[in-house]
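Visitor: would you be able to build a 3D model of this:
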Amino acid sequence: MATFKLLGTGNAAMCPVYGCECKACSRALEDRHYRRNKTSACLTSNGKNLLIDANHHNLMDIFSKGDIDSILLTHYHMDHVQSLFDLRWSVHNTINVYGPPDIKGCDDLFKHPGILNFDNFLEEYKPFYWEGIKITPLPMIHSKITYGYLFDSGKKKLAYLTDTLNLPTKVISFIKQNKIDFMILDCNFPPAVNQPRNHNNIDIAIDLDNKCNPKLFGITHISHQLDCWLMDEQNYYTNKRRFVAYDEQEFFLND
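Guide: Okay, the predicted model is just below:
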């Protein structure tokens, strides 16, 4: 059994945003179902866990000693690696950290890695295997070298593509050719943002859905501004293939 679970679907500010009284944040305060942690995920296969980005504020409560087999990073921005600064001083065996070849990393992680082994730089389009799952790194368009990933169990394929503003033409072709079952894409802004930075708005995201044509398409890295807009535009997703991702949502890759 291979399961892909979204641990967080929000942007760096999360939802509710501290001190904000907008309707999305107010709703999230009243109903925990609408809360969003920072965007991250976990792939489970053969009883082992591959953590995808390490930024959950309760990371060491969610995972007990030995529960994290390896870590796969999309990039080294602080809001995606901040839990590594605590995890590195754990009393445990070495944990391998895989990710893009960013020689700068983040702050002093490489200088003082603790139990974390960062000697696992990946190459774009060069797949590797973890617990029977084929994982292919795909270059994103971001302010720091960033990878999205295609996870292939042999039965189902899931593309996890965050953080990015649009997608490289080659990546679009690659995803389309692979006939993806699930595509989960960065979408931070409502359509009113005409010139978004580093992240997609909803119009760009839907355009990429049309170009890539996955069986199911969802958005993540969602801001409270986008949540507000979605609350007013509940009929915007007229296509039943499309969904707004939520924390703790699971996808089964062996069905």
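
Visitor: assign a three-state SS to the most far-flung residue of the chain relative to its centre, would you?
Guide: The centre of the chain is farthest from one residue, Val91, which by Cα atoms, centre = their mean lies 27.1 Å away. What DSSP: H, G, I helix; E, B strand; the rest coil gives for Val91 is coil.

Visitor: and it, what does it touch?
Guide: For Val91, the contact set (Cβ atoms under 8 Å, 6 or more residues apart in numbering) comprises Lys65. The C-beta positions use only the backbone N, C-alpha and C, and glycine is treated the same way.

Visitor: give me the pLDDT value at it.
Guide: Looking at Val91, its pLDDT reads 90.

Visitor: ok, now Thr238?
Guide: 69.

Visitor: so Ile175 sits in a helix?
Guide: Yes. Assessed by three-state DSSP, Ile175 belongs to a helix.

Visitor: that one against Asp152, yeah?
Guide: No. Look at Ile175 against Asp152 with Cβ atoms under 8 Å: they stay out of range, at 11.8 Å.

Visitor: tell me which of those two has more neighbours.
Guide: Under the neighbour definition other Cβ atoms under 10 Å, Ile175 and Asp152 were set side by side, and Ile175 has more, 24 against 21.

Visitor: how many other residues sit next to Ser90?
Guide: 14.

Visitor: list the contacts for the nearest residue in space to it that is not next to it in sequence?
Guide: Distance criterion Cβ to Cβ, 6 or more residues apart in numbering; nearest residue to Ser90, sequence neighbours excluded, is Ile115 at 5.6 Å. Going by Cβ under 8 Å, 6+ apart, Ile115 touches 87-90, 92-95.

Visitor: alright, calling it a day.
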